[in-house]
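# sequence first, predicted coordinates after that:
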Amino acid sequence: MKIASTLPALGIAVALCLTACKKKDIFEDNRSQGTMSMKLDGQVLTVSKQLTGSLYDTANDVMSHLIVSGMTEDNQLLTVNVAFPNKQLKTGTYELNTFRYNTIGWMQRLSDAIGYSAVDLEYGASAIIKIESISESKAKGTFSGVLIHDVDETKKKVVSEGRFEVSLIKYTK
């Protein structure tokens, strides 16, 4: 008789244990929370999938790199990259420079492998990234600039009203 009365209680306990345990999802666990958007030649683009904010402390001993990227619903890729000299995470304005640090990029379709980026000052590219807040776990900022086509440097796109606010995944040596 005692076994019959304990089986329902044991079944409930097992069910609670199984529903309380959440399987780890490597894709969900390596995804940032937050938002990212920009206007590209006046058209609003909003990241709706695969948003990632990464803080890399691994590139060298004198610099940290923030990379915020993601894709729109129709698979357009947006990315912002900021270099922090001396590994000092500081608020402030970071501009594209001759070392090709502090860049913005956009690709209409990832499968095309041709996009626009602000990496070459000599072709008229520009990028202004304003970090409003930064820590090892969160980043918030705005960005704007002029992107140059990867193949035909006469083709340009204007980025305005760029914004991001993301949780960060930190990668260290």
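Received the coordinates, thanks. Residues are numbered from 1 along each chain as shown.

# note down every partner strand of whichever strand or helix holds G53 and its orientation.
Element membership for G53 (DSSP states H and E) is strand 49-60. Partners of strand 49-60 in the sheet, by DSSP bridges, are strand 63-71 (antiparallel), strand 169-171 (parallel).

# for the chain, give me the ranges with low pLDDT.
1-31, 58-60, 173 (pLDDT under 70).

# quick one, helices of it?
Taking DSSP state H to define them, one finds helices in the chain at 2-20, 26-29.

# for the closest residue to D120 other than its chain neighbours, give the beta-bridge partners.
Of all residues not flanking D120 in the chain, I148 sits nearest, at 6.0 Å (Cβ to Cβ, 6 or more residues apart in numbering). In this view, the C-beta of every residue, glycine as well, is placed from N, C-alpha and C. Going by DSSP bridges, I148 is paired in beta bridges with S117, K156.

# now the strand holding G53: buried residues?
L51, T52, G53, S54, L55, Y56, D57 (16 or more other Cβ atoms under 10 Å).

# run the chain-centre distance for that strand.
Taking the mean of its C-alpha atoms, strand 49-60 sits 7 Å from the chain's own mean (Cα atoms, centre = their mean, to the nearest Å).

# could you identify which of the strands paired with strand 49-60 is most buried?
Highest mean neighbour count of those: strand 63-71, a mean of 21 (counted as mean count of other Cβ atoms under 10 Å).
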